[in-house]
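# I need the structure of the sequence given here:
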Amino acid sequence: MIAQHLFALLQATDPEQAAETLQIAEDAVASGALDQTSLVNLFLNMGPLVAVVVLILLILSIFSWTIAFSKLNLLKRAGQNDRKFKKALRRVEQLADLNAVSEQFRPAPLVSVFEFGYEEVARQVNSYGKLRNPAALQRCLQLGANEEVAHLQHNMAWLATIASAAPFIGLFGTVWGVLEAFRGLGEAGGATLRAVAPGIAEALIATAVGLFAAIPALMFYNYFSQRIREIRARMDDFSLEFFNLAERNYGETDGLLEPERATRGFDRGD
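Next up is the predicted model:
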């Protein structure tokens with residue numbers, strides 16, 4: 001039926017080539033070449049090299065999706081606990097009170113930043129009875145934020161690598177499939193569908209699987225990068241709030257003046 005429609009169309013445009021084209025199409029159908037359009041058959045009939053390329057791309061795709069689901073869960077819990085912990089910070093008047101309840105908000109990046117800052121405040125207050133070196137506290141808060149960002153970015157490099165490398169791996173399979181198509185063309189000694197179909201099919205599958213692996217990885221990478229930047233901004237804001245609260249409680253001018261009152265709530269072993 002398809003061959004008859006093709007014949008009618010070609011006859012209207014080029015009658016001399018119509019009969020020859022129809023015969024080629026009928027030969028291809030009779031030989032079963034068009035049956036290779038079945039996706040399952042295409043995979044089963046792949047050459048070994050293209051099959052390895054497709055297998056590598058599928059493994060990379062599964063790996064990127066595994067990272068994505070894990071990262072989505074991590075960032076979701078981090079965002080929820082950060083919001084709760086930040087509300088708790090704004091309700092307390094003493095850092096020691098917040099330290100007593102901080103564990104219930106884990107895992108939260110803000111809790112780690114808080115612990116870095118709290119340890120430095122405790123060290124200075126236990127030693128001097130007040131917050132004597134604000135610059136050191138700022139550096140500790142910065143270190144805490146940097147450590148949490150590094151933790152959140154774990155495996156992000158894999159997503160970037162898959163997003164950038166998968167298309168080129170697929171392109172390698174594409175080139176090899178085209179070469180196979182030309183080789184089949186040379187062996188057949190003529191331009192027939194049966195000669196070029198397997199190689200072209202392999203090339204197109206390699207291209208499609210490469211894009212299938214690369215596009216989600218790229219989208220996940222950009223999305224997670226944006227989420228991590230937002231969390232980093234929240235940590236910077238939290239550091240400012242923590243610093244202000246520490247200065248109000250234990251600063252040289254606005255804080256508690258009596259050492260025995262200033263050190264209340266801190267353990268000497270901190």
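
# Tabulate the CA atom coordinates of stretch 104-112 in CSV.
What follows is stretch 104-112, C-alpha atoms only, in CSV (Å, rounded to 0.1, in the frame of the first residue of the first chain):
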residue,chain,number,x,y,z
GLN,A,104,15.9,18.5,66.6
PHE,A,105,16.2,20.6,63.4
ARG,A,106,18.8,18.3,61.8
PRO,A,107,19.6,17.9,59.0
ALA,A,108,19.7,21.6,58.3
PRO,A,109,22.5,23.7,56.9
LEU,A,110,21.7,26.5,59.3
VAL,A,111,22.3,24.2,62.3
SER,A,112,25.9,23.5,61.1
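
# what does it contact?
74, 77-78, 81-82, 84-86, 88, 102-103, 144-145, 147-148, 151-152, 231, 234-235, 238 (Cβ atoms under 8 Å, 6 or more residues apart in numbering). Bear in mind the C-beta positions are built from the backbone N, C-alpha and C, glycine included.

# repeat for stretch 160-167
57, 60-61, 63-64, 210-211, 213-215, 217-218, 221.

# repeat for stretch 77-89
Residues beyond stretch 77-89 that count as contacts (Cβ under 8 Å, 6+ apart) turn out to be 98, 101-102, 105-111, 114, 152, 227, 231, 234, 238, 241-242, 245.

# tell me the mean pLDDT for it?
Here stretch 77-89 scores 83 as its mean pLDDT.

# So which bits of it are buried?
Applying a neighbour-count criterion of 16 or more other Cβ atoms under 10 Å, one finds Ala78, Gly79, Asn81, Asp82, Phe85, Lys86, Ala88, Leu89 buried in stretch 77-89.

# okay, now the domains of the protein?
Listed domain ranges for the chain are 1-31, 35-262 (source: automatic domain parsing).

# weakest of those by average pLDDT?
domain 1-31 (a mean of 46).

# So which residues of the stretch 101-250 of the chain form helices?
Taking DSSP state H, counting those that start in this stretch, the helices of the stretch 101-250 of the chain run over residues 109-128, 134-152, 156-188, 193-250.

# which of those sits most buried?
Stretch with highest mean neighbour count among these: helix 109-128 (a mean of 21; mean count of other Cβ atoms under 10 Å).

# Show the contacting residues for Ile215.
Counted by Cβ under 8 Å, 6+ apart, Ile215 has contacts Ala163.

# let's see 10 Å
Ser61, Ala163, Ala166, Pro167 (Cβ atoms under 10 Å, 6 or more residues apart in numbering).

# which residues touch stretch 47-63?
By Cβ under 10 Å, 6+ apart, stretch 47-63 touches 43-46, 155, 158-159, 161-163, 165-167, 169-174, 176-177, 179-180, 198-199, 201-203, 205-206, 208-217.

# how about a cut-off of 7 Å?
Applying Cβ atoms under 7 Å, 6 or more residues apart in numbering, the contact partners of stretch 47-63 are 46, 158, 162, 166, 169-170, 172-173, 176-177, 180, 202, 205-206, 209-210, 212-213.

# Same check on stretch 201-212?
36, 42, 46-47, 50, 53-54, 57-58, 61, 166-167, 169-171, 173-174, 177-178, 180-181.

# if we can go back for a sec, how about the contacts of Ile215 in a markdown table, adding distance to Gln94?
Below are those laid out as a markdown table (distance: Cβ to Cβ, whole Å):
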| residue | distance to Gln94 |
| --- | --- |
| Ser61 | 51 |
| Ala163 | 47 |
| Ala166 | 53 |
| Pro167 | 56 |
